[in-house]
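**Student:** Any chance you could fold what I've pasted below:
(one chain, ligands or ions: 1)
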Amino acid sequence: MASTKSVIIVGGSFAAIAALKTLVATKEVKLDITLISPNDKAFFNVAVPRLLVENEVTIEKTVFPLDESLDKLTKGTLHKATHVKSSVKHVEFNGKVVTIADGSKLSYDNLILASGARSVSPIWKLDSVENVDFTLESIRQTSDRIQKARSIAIIGGGTTGVETAGELGHEFKGRKKIVLYTGSSGPLSIPLPGHVSSVTDKLKQLGVEIVNNQLVKKQGESTIVLEDGTTRDFDLILEAQKLIPNTEYLPNEVLDKRRYVITDDYFRLRDFHDVICLGDILALGQQSLVDLVYNQNPTFSKAIAYEVFGDTKVKLTPYVKPSRPTILVPIGRNGGVGVVYGFSIPNFVVWFSKSRDFMIPKASGYCT
Ligand SMILES: Cc1cc2nc3c(=O)[nH]c(=O)nc-3n(C[C@H](O)[C@H](O)[C@H](O)COP(=O)(O)OP(=O)(O)OC[C@H]3O[C@@H](n4cnc5c(N)ncnc54)[C@H](O)[C@@H]3O)c2cc1C
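**Tutor:** Here you go, the predicted structure:
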């Protein structure tokens, strides 16, 4: 008879679901899995730039009830999985106890940390305390404000800012003023050096004004303050500039300066190998779904085999950050820019893979 172990997963998004899929694959150890997250539905946030300009019907295609996924993934297996709708407030690694928002304590044999990172504006990612309804309502309200605004500023020239500028430009070219403050030398200058000029050209063709080399601040609801103190007013300002790791419940000793979790190369906490991390929370990782699926998962599944299933013969695989990026960035509905392992891909491939539908038809593969 298989022995039983209790595993807690902190998080209810891509990494938590990927972890669950890895865990339920074993037949050697019976698992009692508890997934703790404030959201009761997984959300395909990749599509947010499109959701801001699309209608209500589309948003419904991006959310997936967690309870249904847990039932589906454990059906016909040895394992049991339960969702607790709450936030983790504290972890005691020596005692192997997690404390949630109402003060209840839950013990574990193994702990998976998959609580990711949230965004400054609530529209881009799931929250660490609020349910998914809060995220969806924030998107709906922002979408309404976009329709009414005559001028919109976007702070942040990374993928989120560029994709959103592209969506707004495509939808409202000539009808609204759209300004992108990249905060660096150009849009997407960090991940895609070779593409800066084509990104700039594509955005300009969609009527987007680009302001580079200015670290701007948002003041009140409608003012942008430039580095020299001058100001510009907009009807709406979208903040797409930074992520905040959801690690407030963890001790400082396991966090780096940016407050992401420090692990060994196999995603285990250095002093507590029964605790394994996955997804945006990892200091080693790249805070992307592509990284999670293609680079992190192989390392994670070996660590799970070793630490959770007790397979000491398994060869742990170190995580290796890819030296060449893989990223697809739609800029409007007719294509965009992209590289796969550092090699540029043509506009029509970006259109076919992402820009035509923002991958919404594939969302369930990542969220269930
Ligand atoms: C607009 C946008 C578009 C993107 N598009 C792409 C793309 O096209 N390709 C790509 O590769 N990547 C993309 N990304 C990155 C991708 O969204 C992240 O890599 C992914 O969300 C990481 O998943 P995760 O599960 O690690 O963390 P998250 O998605 O951040 O989920 C964290 C989970 O943990 C929960 N949580 C947080 N704190 C606690 C707590 N204290 N207790 C319990 N639960 C908690 C949250 O509620 C949530 O369920 C995009 C990001 C953004 C913002």
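
**Student:** remind me, longest helix of the chain?
**Tutor:** Ranked by residue count, the top helix of the chain under DSSP state H comes out as helix 132-148.

**Student:** The next helix or strand after it versus helix 132-148: what angle between them?
**Tutor:** Once the chain leaves helix 132-148, the next helix or strand it forms, by DSSP states H and E, is strand 151-155. Orientation of strand 151-155 against helix 132-148 (axes from the mean of the first three to the mean of the last three CA atoms, to 10 degrees) gives an angle of 130 degrees.

**Student:** Off-centre distance for the longest helix of the chain?
**Tutor:** 18 Å (CA atoms, centre = their mean, to the nearest Å).

**Student:** could you check whether that helix is close to the ligand?
**Tutor:** No - Helix 132-148 is not in contact with the ligand by CB under 6 Å from any ligand atom; minimum separation 7.9 Å. Using the backbone N, CA and C atoms, a C-beta is placed for each residue, glycine as well.

**Student:** And stretch 150-164, by the same measure?
**Tutor:** Yes - using CB under 6 Å from any ligand atom, we find that stretch 150-164 touches the ligand at residue 160.

**Student:** And the contacts of the helix or strand hosting residue 168?
**Tutor:** Assigned by DSSP H and E, residue 168 belongs to helix 159-172. By CB atoms under 8 Å, 6 or more residues apart in numbering, the residues outside helix 159-172 that reach it are 48-50, 52-53, 119, 124, 146, 152, 154-155, 176, 178, 180, 182, 187-188, 191, 199, 202-203, 206-208, 238, 240-241, 327, 329-334, 336.

**Student:** just the angle between it and strand 151-155, please?
**Tutor:** 160 degrees.

**Student:** Quick check: can you name the pairing partners of the following helix or strand past helix 159-172 and their directions?
**Tutor:** As assigned by DSSP H and E, the chain's next helix or strand after helix 159-172 is strand 177-181. In the sheet, strand 177-181 lines up against strand 151-155 (parallel), strand 208-211 (parallel) (DSSP bridges).

**Student:** Tell me which residues of whichever helix or strand comes after strand 177-181 come out buried.
**Tutor:** Sequence-wise, the next helix or strand downstream of strand 177-181 (DSSP H and E) is helix 196-205. Buried residues in helix 196-205, counted by 16 or more other CB atoms under 10 Å: 196, 198-200, 202-203.

**Student:** Okay, residue 360 and the ligand: tell me how far apart.
**Tutor:** 12 Å (CB to the nearest ligand atom, to the nearest Å).

**Student:** just residue 23 next, same as before
**Tutor:** From residue 23 to the ligand the distance is 15 Å (CB to the nearest ligand atom).

**Student:** Now for the residue in the stretch 201-350 of the chain positioned nearest to the ligand: which residues touch it?
**Tutor:** Closest contact between the stretch 201-350 of the chain and the ligand, by CB to the nearest ligand atom, is at residue 279 (2.2 Å). By CB under 8 Å, 6+ apart, residue 279 lies in contact with 11, 13-16, 18, 114, 116, 285, 292, 296.

**Student:** and it, what pLDDT?
**Tutor:** Residue 279 carries a pLDDT score of 98 in this model.

**Student:** List the residues that contact the closest residue to it other than its chain neighbours.
**Tutor:** Closest residue to residue 279 apart from its sequence neighbours, by CB to CB, 6 or more residues apart in numbering: residue 15 at 2.6 Å. The contact partners of residue 15, taken as CB under 8 Å, 6+ apart, are 114, 116, 278-281, 292.

**Student:** and with 6 Å instead?
**Tutor:** By CB atoms under 6 Å, 6 or more residues apart in numbering, the contact list for residue 15 reads 114, 278-279, 292.

**Student:** cool, and residue 332?
**Tutor:** By CB under 6 Å, 6+ apart, the neighbours of residue 332 are 166, 170, 206.

**Student:** and with 10 Å instead?
**Tutor:** 163, 165-171, 173, 202-203, 205-206, 208, 351, 355 (CB atoms under 10 Å, 6 or more residues apart in numbering).

**Student:** That one should be in a strand, yeah?
**Tutor:** No - assigned with DSSP: H, G, I helix; E, B strand; the rest coil, residue 332 falls outside any strand and is coil.

**Student:** residues near the nearest residue to it once chain neighbours are set aside, how many?
**Tutor:** Using CB to CB, 6+ apart and skipping the chain neighbours, the partner closest in space to residue 332 is residue 170 (3.6 Å). Counted with other CB atoms under 10 Å, residues neighbouring residue 170 total 19.

**Student:** Also residue 322?
**Tutor:** Neighbours around residue 322, by other CB under 10 Å: 13.

**Student:** Which residue is the nearest non-sequential neighbour of it?
**Tutor:** Using CB to CB, 6+ apart, the closest residue to residue 322 is residue 295 (6.1 Å).
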